[in-house]
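1. Everything below, folded, please.
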Amino acid sequence: MDVMRVVSSLYPEKMGGIGLHAHHLSRLQAEDGHNITVYTSDNGDSSLPRRETRDGYEVKRYRQIARPMNNSITPGIVPDLVQEAKDYDVVHIHSHLYFSSLVAAIASTLRRKPIVLTNHGLISQSVPKWLQLTYLPTVGRVAFEAADRILCYHERDRNELLDRGIRTDIEVIHNGIDCEQFAPQATDGGVSSPYIVFVGRLQPGKGAHYLIDAFSRIAGSHPDQRLVIVGDGPRRDELEQLARKKGVAERVEFMGEVPNDELPAIVGDADVFALPSLAEGLPRTVLEALACETPVIATDLEQLRPLVDGVGRLIPPESPPELADALDELLEMDPERRIEMGMEGRERILDDYSWRDTVEQTTAVYTDILEQPS
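-> As a prediction, the model looks like this:
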């Protein structure tokens, strides 16, 4: 099949779950013999080539002229999407939240091309809530209703779309990861052990400030533990100031963005992975930690309960005291039990969240749409 993929950012130029998902999906579908072209933004980096072939798929980049609330605006993509959609069998749009998503939905509708839209999470952590309450039932709805099929990571998001009156066919295909890459490592990640690790963009919704607060509460009773923060974002300076204010700056390491191929060693060598975020789809970082046999502490979100239950701890949102208690519990746990939890977590990922399953199910959706009568 010839597939047009539209995504606002792409790994490895930009870190983040959506771009990484689009990259691996493109790479593996190309391995399976499909012709994949990704239309994306240069995200302000004019040194990137306008067009290139890598990992078996094509990339077409468009110049970003503005980035309000983390939404890359690329006017140059508009005529190409309108003119070139006709050349593809399927148009696969990643997220309803971006400028390019809406343009691709309209262009593909005009060209009468089948549209698949992956919902990577209904809510953006970069946009004020009042604006999202306006966007979702209006502009966002246009993208959802233009699609022939919507893909969600879990039943919760599917049900929320149905509750909002979206009547497009919706399928649940779990997010997947490379279980060969994310596996227990023979070498460490170059971080002084022992430590707790967080991986995510440093913005309010990810909750790194709650983790620093919680870490400060247990620092005295766990004098050898360190906290490693992987990722970058607009709140980094504020978080560094918080660590100083809480008196733990010397024990909190901010690593910045780390290439995906270096993450398994860093995550796998940690005693605990913690993600106290306020809203998520199905976070790749939790899947990756479990695949590396690292016990997880995460916010008690509905979609995370079947994933984390028994192999980690779930805590209420915005709750540093409860997070501190969970950290203390896991760190005080018998090491053999913590190892068993890690092994159980990896088995859960192998059974239900492998990349190959995600790719095969996604490609089957394309085939199903194309085989339906016009």
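2. hey, let's count contacts and neighbours off CA atoms from now on
-> Fine.
3. in terms of contact, does Leu282 touch Arg305 like I think?
-> No: Leu282 is beyond contact range of Arg305, at 10.9 Å (criterion: CA atoms under 8 Å).
4. which one of these two has more residues nearby?
-> The residue with more neighbours, out of Leu282 and Arg305, is Leu282; 22 against 15, by other CA atoms under 10 Å.
5. how close does the more buried one get to Met4?
-> Computed as CA to CA, to the nearest Å, the Leu282 to Met4 distance reads 24 Å.
6. Just the element for Val116, please.
-> strand 115-119 (DSSP states H and E).
7. Return the set of buried residues in the helix-or-strand element of the chain with minimal mean pLDDT.
-> Here the helix or strand of the chain ranked lowest by mean pLDDT, DSSP states H and E is helix 129-135, holding a mean of 76. Neighbour counts over helix 129-135 (16 or more other CA atoms under 10 Å) mark Gln132 as buried.
8. Kindly format the C-alpha coordinates of that helix as PDB.
-> What follows is helix 129-135, C-alpha atoms only, in PDB (Å, rounded to 0.1, in the frame of the first residue of the first chain):
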ATOM      1  CA  LYS A 129      -8.200  23.800  29.600                       C
ATOM      2  CA  TRP A 130     -10.700  26.600  28.600                       C
ATOM      3  CA  LEU A 131      -9.300  26.600  25.100                       C
ATOM      4  CA  GLN A 132      -9.600  22.800  24.800                       C
ATOM      5  CA  LEU A 133     -13.200  22.900  25.900                       C
ATOM      6  CA  THR A 134     -13.800  25.100  22.900                       C
ATOM      7  CA  TYR A 135     -11.600  23.300  20.500                       C
END
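9. Could you identify the helix or strand that succeeds it?
-> helix 141-146.
10. for the record, mean pLDDT for the following helix or strand past that following helix?
-> Moving toward the C-terminus from helix 141-146, the next helix or strand (DSSP H and E) is strand 149-152. Average pLDDT, strand 149-152: 96.
11. Relative to Leu327, how far out is Pro321?
-> 10 Å.
12. Looking at these two, which one has more neighbours?
-> More crowded of Pro321 and Leu327, by other CA under 10 Å: Leu327, with 25 against 18.
13. from the chain's centre, how far out does whichever strand or helix holds the more buried one sit?
-> Assigned by DSSP H and E, Leu327 belongs to helix 320-332. In terms of CA atoms, centre = their mean, to the nearest Å, the centre of helix 320-332 is set 25 Å apart from its chain centre.
14. Tell me which other helices or strands it touches.
-> The elements that helix 320-332 packs onto, with contact taken as 3 or more CA pairs under 8 Å, 6 or more residues apart in numbering; DSSP states H and E, are helix 208-218, strand 272-275, strand 296-299, strand 312-315.
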